[in-house]
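Trainee: Following is a predicted model, sequence given first.
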Amino acid sequence: MILKQLLGKILTDMGFVTNKQLEEALEKQQKIFKEHSVPERLQRANLVSEARRVKEIDNESLLGKILTDMGAISRGQLNEALEEQVKMVEEYDSLNSDKLGMAIEIGSIVNSTLNLAEVLIYIMRHANEVTNSVASTLMLLDDETGELVFSVPTGPKAEQLTDIRIPFGTGIAGWVAEHEQPALVPDAKKDTRFYEVIDKISDFETKSLLCVPIKSKTKLIGVLEVINKQDGTAFTKQDTLLLSIFAHQAAVAIENARLYGELKDRMGEILVNVLQRKQAEDALRKAHGELEQRIAKRTTDLTRTNEELREEIEKHKKTEKELEKSEQKYRDLVEKLTDVFFTTDKNGVISYVNPAIESLIGYSPSKVIGKHFIELFHTEDKHIAVESIRKTLFSQDVKNECRVYTKAGETRWVRTSIQPVFTGKKVTGLRGMLTDITQSKLIQEHLIQSERLNATCKLAASMAHEIDSPLQAINVHLSTMKSKYKDEKEHSENIELLKKSFDSIQNTVKNLLNLSHPGIEHRRPTNINRIIENTISLLNNHLKKSKIKVILELSPRIPEILASSQQIGQVCTNLINNSIEALTGIYNQNTGRNTRTSKRKKISIKTNYSKRTIIIKVSDNGPGIHKKDLDHIYDPFFTTRKKLGMGLGLSICYRIIEDHKGSIHVKNLPDAGGVTFTITLPVD
């Protein structure tokens, strides 16, 4: 068997086969031996014939033949390796018979005991004896770290070296482990591979050494090293061969101990399992009796518990139905609310909103859910929403009034009421209501505007009464002076100029009085379309001169209403004159500068009748009204530094329309530019 292993080693050392190929061939060889091995229980009469048959198979299935059949080596390579093996056999033959006998004795010891420590120490002592060495070391390979560990050192400094580790590939021993080849070193100091650290640790001088690998099949498990011949000479090839035999015996001992340890552990597990099984059976028998008693008791308890559970389930079902009914009632209530109800997570992202949101802003709930609560609000009011959320997260109920955007781009006013949602003591979200207060806001603004206008009108009327009498007296004197100096051209012209100026002042006073008492004009059935047409006819020359095109879309369905034709005509005149000023570049209310434009100037007047209400729309394509001025255009004397008028025109319009129970609103046109004044007058 040793010679067969030597053949495999020779083939690997010569580079003809790899360790993997050799391992595969050895496995096939082992398989053949198992298939043709002598049965353990064989009749004595058949022992010799069976053994002879196995020997024939063994001779036929040599390792070399298996490797050749595998295609790993050629016949020539096999012959070359066999010749090398013959040389080694000759070297075996030249070995000292006493030393060879000692090696054989070691083999019998290895096979007779499983005490690994005892066998390895015995091997190392005999290795020292047959190689005539002063010291020796058996180093085992740590598979995890790759280090060589001094496992069985002998010699004068052995105790200092136990469990010392050297890195893989370091020193002569490391080289032998790395290359898996023996190393015969006559002078260690001159060898560059020599590792001096071990001599320093042990305070021992290494002069010459011999080191061989220890392999189990093809796997390296360590190295065997002898140091310094006792007679001072160098180690020989015969020493290498003998030490290789000892290394093989050490590998067998280590492998046997490993297999024995595994077998012992397995047997221990089996014994433990058997014992545990017996104990389990006894315990099971005892538990079986106890279990029968417990089952009887538990059956009684279980029957009683089942009855209680059945009653509890019925109660739970009843509670669930009531809860479902309550939830459905709550959902129906929320779904039918005209106010917007919503819930959000703690970050303000909307998780639920009722259908009322679509009536408010034009978006369905599915389009709003998933958006942040703040996205609903007007840009200028987002800070109010942010502050509301912040206060709510600190467990405060918050109410505010903000503006929201609609799908159509309009703005609506809402009153927000937000409360925190708690899970335990922690705020986990928000819930609240949005109430549309746009109409209330408009009414409130209308009332404020009316009150402001009333106060101003009273003041204006008071001033007008005080001014009117002196003006009339001055006007009479001017008429007298004009008659007196009618033949003097220069005086007459100056007097006429003064008279016109005072006529203008009197007209302003009259406007102030009309502003205070617009309803004194007698009202009669009036056709709105006819008033608009008459106003256009009166202003026709001014419109042509200004190159303004007027587009009339007057509905024939407009009924007559009780109104002051003079006052409604005044409203139309004021609105058209404002449009003419904007279109002719007299004043740009957006920029505060005179402006001229090259685009076609147009004024559009439309009338319509819907739901017992007459609707009049006066539009132009001028520059529009500055956003900050929209809330003040109806204020008396409000002006944006126009060259014409004193800022009373729109105030008078507002007062007249209000007195006719109607409304007037203005809106900038976003695309084409310009403004639209919308007047509504009730028919009843």
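Mentor: On my side now, so go ahead. Every value quoted in this text rests on a predicted model; they were computed, and no experiment measured them. Residues are numbered from 1 along each chain as shown.
Trainee: The host helix or strand of residue 328 packs against which elements?
Mentor: When elements are assigned from DSSP states H and E, residue 328 belongs to helix 237-335. The contact analysis (3 or more Cβ pairs under 8 Å, 6 or more residues apart in numbering; DSSP states H and E) places helix 237-335 against helix 2-13, helix 75-94, helix 97-112, helix 116-131, strand 183-185, strand 209-216, strand 219-229. Bear in mind the C-beta positions are built from the backbone N, C-alpha and C, glycine included.
Trainee: ranking these by mean pLDDT, which is last?
Mentor: Ranked on mean pLDDT, the bottom entry among the helices and strands packed on helix 237-335 is helix 97-112, at a mean of 62.
Trainee: Residue 140 against residue 151, yeah?
Mentor: Yes: counting by Cβ atoms under 8 Å, residue 140 does reach residue 151; the two are 4.6 Å apart.
Trainee: Next, show the common contact partners of the two.
Mentor: residue 222 (Cβ atoms under 8 Å, 6 or more residues apart in numbering).
Trainee: which residue ranges form the strands in the stretch 501-650 of the chain?
Mentor: 524-526, 549-553, 561-563, 602-610, 613-620 (DSSP state E, counting those that start in this stretch).
Trainee: Figure out which of those is closest to residue 574.
Mentor: Residue 574 lies closest, by Cβ to Cβ, to one member of the strands of the stretch 501-650 of the chain: strand 613-620, at 10.0 Å.
Trainee: If we go by neighbour counts, what in that closest one is buried?
Mentor: For strand 613-620, the neighbour count (16 or more other Cβ atoms under 10 Å) marks 614, 615, 616, 618, 619, 620 as buried.
Trainee: Might one say that the second one is in contact with residue 683?
Mentor: In other words, residue 615. No: assessed by Cβ under 8 Å, residue 615 is found out of contact with residue 683, at 11.2 Å.
Trainee: hey, what's in contact with both of these two?
Mentor: By Cβ under 8 Å, 6+ apart, the residues touching both residue 615 and residue 683 are residue 609.
Trainee: Please work out which residues outside the helix or strand hosting residue 664 touch it.
Mentor: Element membership for residue 664, per DSSP H and E: strand 663-668. Applying Cβ under 8 Å, 6+ apart, the contact partners of strand 663-668 are 446, 624-625, 627, 630, 633-634, 653-654, 657-658, 674-680.
Trainee: I'd like to check the angle between that strand and strand 613-620, please.
Mentor: Comparing the axes of strand 663-668 and strand 613-620 via axes from the mean of the first three to the mean of the last three Cα atoms, to 10 degrees yields an angle of 30 degrees.
Trainee: Walk me through which strands strand 663-668 pairs with, and which way each runs.
Mentor: According to DSSP bridges, strand 663-668 has the following sheet partners: strand 675-682 (antiparallel).
Trainee: Just the C-alphas of the partner strand, formatted as PDB.
Mentor: Taking Å, rounded to 0.1, in the frame of the first residue of the first chain, the C-alpha atoms of strand 675-682 are listed here in PDB:
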ATOM      1  CA  VAL A 675     -61.600  94.200 -18.000                       C
ATOM      2  CA  THR A 676     -65.300  93.100 -17.800                       C
ATOM      3  CA  PHE A 677     -67.900  95.000 -15.700                       C
ATOM      4  CA  THR A 678     -70.900  92.700 -15.000                       C
ATOM      5  CA  ILE A 679     -74.100  94.400 -13.900                       C
ATOM      6  CA  THR A 680     -77.200  92.400 -12.700                       C
ATOM      7  CA  LEU A 681     -80.700  94.000 -12.400                       C
ATOM      8  CA  PRO A 682     -83.700  92.100 -11.000                       C
END
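Trainee: on that earlier part again, narrow the contacts of strand 663-668 to just the buried residues.
Mentor: Buried, going by 16+ other Cβ under 10 Å: 624-625, 630, 633-634, 653-654, 657-658, 674-677, 679-680, out of these.
Trainee: what's the closest of those residues to residue 488?
Mentor: Nearest member of these to residue 488, counting by Cβ to Cβ, is residue 653, at 43.7 Å.
Trainee: Quick check: closest non-adjacent residue to the closest one.
Mentor: Of all residues not flanking residue 653 in the chain, residue 571 sits nearest, at 4.6 Å (Cβ to Cβ, 6 or more residues apart in numbering).
Trainee: ok, the one you found - contacts?
Mentor: Residues in contact with residue 571 (Cβ under 8 Å, 6+ apart) are 652, 653, 656, 657, 679.
Trainee: Hmm, residue 573 and the first one touching each other?
Mentor: No: in this structure, residue 652 is not within contact of residue 573 by Cβ under 8 Å, at 10.3 Å.
Trainee: Mind checking which of these two has more residues around it?
Mentor: Between residue 652 and residue 573, counting by other Cβ atoms under 10 Å, residue 652 is the more crowded of the two (22 against 17).
Trainee: now residue 605: how far from residue 620?
Mentor: According to Cβ to Cβ, to the nearest Å, residue 605 and residue 620 sit 10 Å apart.
Trainee: just residue 253 next, same as before
Mentor: Counting by Cβ to Cβ - residue 253 and residue 620 are separated by 115 Å.
Trainee: same thing with residue 677?
Mentor: Residue 677 is 9 Å from residue 620, by Cβ to Cβ.
Trainee: for residue 14, same thing?
Mentor: According to Cβ to Cβ, residue 14 and residue 620 sit 110 Å apart.
Trainee: now do residue 439
Mentor: Relative to residue 620, and taking Cβ to Cβ, residue 439 is found at 28 Å.
Trainee: My guess is residue 679 contacts residue 616. True?
Mentor: Yes: with contacts counted by Cβ under 8 Å, residue 679 reaches residue 616, the gap being 4.2 Å.
Trainee: farthest pair in the contacts of residue 571?
Mentor: Using Cβ to Cβ, the pair of these lying farthest apart is 652 and 679, separated by 13.4 Å.
Trainee: pLDDT of the strand holding residue 664, averaged?
Mentor: What strand 663-668 shows for mean pLDDT is 89.
Trainee: All further residue positions should be reported with the first residue as 54.
Mentor: Taking 54 as the first residue, the last one we looked at is strand 716-721.
Trainee: Buried residues, that strand. List them.
Mentor: By 16+ other Cβ under 10 Å, the buried positions in strand 716-721 come out as 716, 717, 719.
Trainee: what's the spacing between it and its chain's center?
Mentor: The chain centroid and the centroid of strand 716-721 are separated by 49 Å under Cα atoms, centre = their mean, to the nearest Å.
Trainee: before we move on, back to that, closest to residue 262 among the buried residues of strand 716-721?
Mentor: The closest of the buried residues of strand 716-721 to residue 262 turns out to be residue 719 (Cβ to Cβ; 112.3 Å).
Trainee: For this protein, which helix or strand comes out least confident on mean pLDDT?
Mentor: Sorting the helices and strands of the chain by mean pLDDT, DSSP states H and E puts helix 100-113 at the bottom, at a mean of 49.
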